[in-house]
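Visitor: Structural data only, the sequence is not supplied:
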């Protein structure tokens, strides 16, 4: 879980966030308190030598647990772990020829559009043109 | 006395523990019931609110980034030293009021008028902020701004309900928001990604209709027929086919309904079939690029264009066929996928098959490729 400060949604129109998650300091504190509470509970139950102080240990453990929940619910705010959609795309431009069966593939360049004529074909006297432009999905997709 | 009472209670409930454990049991039960009775709803509100805040945070990041992207896209076409930040920020709040539909008579005419005025304002704004851009670049910038406006609008609406929920402490507002968030976020991400595609002027999935039409039109003379729509007259299996699409490669959809209507009128209604090609929303579980046949006007406009096609076809009793290629909203708005390009060949063959099976040699057919023609020439 990732939580962060502040709790209120901004009402400003000025850009503030760049979409990167901020350091989860409150989340770490909350988790640390919860772990501390569990350790104290285990101590009080399992270690005989501290049995005399078990009540105090349990109270401290309960306080840590309450503090952990308090931080989780009231102090922090969850930040989206998921980054903004990736800008990089593998877009291919397919070049064909009106006169022969030539087929070439290259990365998309600004100004490319389908059926754009690119001049004479290197293989024959026909006109080469952009046959297709498409996105190759990444493995994750 | 105190000890005596505790022992008595212990015996009464048969808890079998000492005074300390008894005390803890009582505290635990009190805390538990206080929590359930007094803080139950508050805890639910906090849980739902956290999800909505997370979404608003992400939406804000998307909105900010898309706003910055507008500046980047516009900058090369901008007059030197011109500060467009304020005018772009202002334009992102631009709104359109739908015509009144309490009296539905003539509502489509009024809607078309409003949409025309909106388009005119949009083009004027783009001309002001990017005076050096050519016709196609202006169309692309217009699409970039439209996508950023959509992201900004979604962000503001969700933020509005978040703040309203906080103000009223209403669990129902948060529950409803939280339930709808997956769909809303999907839509926002589609617009956000679309903006990057528009900025790079890459073809989008919705360009399938124009792509198939262009396959018929390439090499034939083109003529303008309606606003931003061109057509070619080509021979398809001995039939006279009038193939139309939005004029590329700029990102426009044009007025294909008006074009079909004008073509039908121009031909005196002597059209044997109208075949429309468009991208259609797929259902979950269906595959992107699946090609299906149907009847009716395959066009996803707010109404006026669809009405014109239906009206003209009904007037002259012209059968209206539709061939759609299925894709998700995200596929339709973002860079054209390989499956869609491959499907364009299937659709092309399917149109030829439809012409062959449903018309005779010498007949007249209109083939309309509907969609945004960004990076699709003709």
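Guide: Arrived safely, thanks for sending. What you are looking at is a predicted structure, and each value in this text was computed from that prediction instead of being measured.
Visitor: ok, now how distant is the residue positioned nearest the centre of chain B from residue B:283?
Guide: Residue closest to the average C-alpha location in chain B (C-alpha atoms, centre = their mean): residue B:329, at 6.1 Å. Counting by C-beta to C-beta, to the nearest Å, the gap from residue B:329 to residue B:283 is 12 Å. For glycine as for every other residue, the C-beta is placed from the backbone atoms N, C-alpha and C.
Visitor: Then residue A:38?
Guide: When distances are taken as C-beta to C-beta, residue A:38 and residue B:283 turn out to be 47 Å apart.
Visitor: got the domain boundaries for the chain?
Guide: Looking at chain A here, since you left the chain open. Dividing chain A into domains by automatic domain parsing, as the record does, gives the ranges A:3-10+A:21-78, A:90-136.
Visitor: meant chain B, my bad for not saying
Guide: Taking automatic domain parsing as the domain assignment, the record places the domains of chain B at B:47-199, B:205-369.
Visitor: Just read off the phi/psi values of residue B:242.
Guide: In this entry, residue B:242 is assigned phi and psi values of phi -100, psi 110 (degrees, to the nearest 10).
Visitor: helix or strand for the closest residue to residue B:304 other than its chain neighbours, which one?
Guide: The spatially closest residue to residue B:304, leaving aside those adjacent along the chain, is residue B:112, at 3.8 Å (C-beta to C-beta, 6 or more residues apart in numbering or on different chains). Residue B:112 belongs to helix B:107-129 when assigned by DSSP states H and E.
Visitor: related to what we said a few turns ago, ok, and which of the domains of chain B has the densest surroundings?
Guide: Stretch with highest mean neighbour count among those: domain B:205-369 (a mean of 20; mean count of other C-beta atoms under 10 Å in any protein chain shown).
Visitor: before we move on, back to that, the residue nearest to the centre of chain B and residue B:190 touch, don't they?
Guide: Yes: with contact defined as C-beta atoms under 8 Å, residue B:329 counts as touching residue B:190 (5.1 Å).
Visitor: For residue A:63, which of the domains of chain B is the nearest?
Guide: domain B:47-199 (22.8 Å; C-beta to C-beta).
Visitor: Quote the end-to-end distance of that closest one.
Guide: End-to-end distance for domain B:47-199, by C-alpha to C-alpha, to the nearest Å: 38 Å.
Visitor: Quick check: mean pLDDT of it?
Guide: Taken as a whole, domain B:47-199 has a mean pLDDT of 91.
Visitor: Count residues in the vicinity of residue 27, would you?
Guide: By default, I'm working from chain A. Here the number of neighbours of residue A:27 (other C-beta atoms under 10 Å in any protein chain shown) works out to 18.
Visitor: right idea, wrong chain: chain B
Guide: Neighbour count of residue B:27, defined by other C-beta under 10 Å: 12.
Visitor: Quick one: list the elements packing against the helix or strand harbouring it.
Guide: Using DSSP H and E, the element containing residue B:27 is helix B:19-34. If contacts are counted by 3 or more C-beta pairs under 8 Å, 6 or more residues apart in numbering or on different chains; DSSP states H and E, helix B:19-34 sits against helix A:54-70, helix B:2-13.
Visitor: Just the residues contacting stretch B:63-80, thanks.
Guide: In this structure, residues lying in contact with stretch B:63-80 by C-beta atoms under 8 Å, 6 or more residues apart in numbering or on different chains are A:15-19, A:84, B:84-85, B:88-89, B:92, B:129-133, B:137, B:140-141, B:144-145, B:147-148, B:151-152, B:155, B:192, B:195-196, B:199.
Visitor: Just to be sure, which of the residues you listed are found in strands?
Guide: Using DSSP state E, no member of these falls within strands.
Visitor: need the strands for the stretch 201-350 of chain B, in chain order.
Guide: B:223-226, B:229-236, B:239-246, B:273-281, B:291-295, B:320-327 (DSSP state E, counting those that start in this stretch).
Visitor: Of these, which shows the lowest average pLDDT?
Guide: strand B:223-226 (a mean of 90).
Visitor: Show me what it is in contact with.
Guide: With C-beta under 8 Å, 6+ apart, strand B:223-226 has contacts from B:230, B:231, B:232, B:244, B:247, B:254, B:255, B:256, B:258, B:259, B:262, B:263.
Visitor: just those that are near chain A?
Guide: When the contacts of strand B:223-226 are filtered against chain A using C-beta under 8 Å from any C-beta of the partner chain, no residues are retained.
Visitor: Compile those into JSON lines and extend it with columns for distance to residue B:333.
Guide: Formatted as JSON lines, the entries for the contacts of strand B:223-226 read as follows, by distance: C-beta to C-beta, whole Å:
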{"residue": "B:230", "distance to residue B:333": "24"}
{"residue": "B:231", "distance to residue B:333": "26"}
{"residue": "B:232", "distance to residue B:333": "27"}
{"residue": "B:244", "distance to residue B:333": "23"}
{"residue": "B:247", "distance to residue B:333": "20"}
{"residue": "B:254", "distance to residue B:333": "18"}
{"residue": "B:255", "distance to residue B:333": "21"}
{"residue": "B:256", "distance to residue B:333": "19"}
{"residue": "B:258", "distance to residue B:333": "24"}
{"residue": "B:259", "distance to residue B:333": "23"}
{"residue": "B:262", "distance to residue B:333": "29"}
{"residue": "B:263", "distance to residue B:333": "29"}
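Visitor: Among those, which one sits closest to residue B:369?
Guide: Lowest distance from residue B:369 to the contacts of strand B:223-226 (C-beta to C-beta) belongs to residue B:244, with 7.0 Å.
Visitor: Tell me who's in contact with the nearest residue to the closest one once chain neighbours are set aside.
Guide: Setting aside the residues directly before and after it, residue B:244 is nearest to residue B:231 in space (C-beta to C-beta, 6+ apart), at 3.9 Å. The neighbours of residue B:231, taking C-beta under 8 Å, 6+ apart as the test, are B:217, B:222, B:223, B:225, B:242, B:243, B:244, B:245, B:259, B:263.
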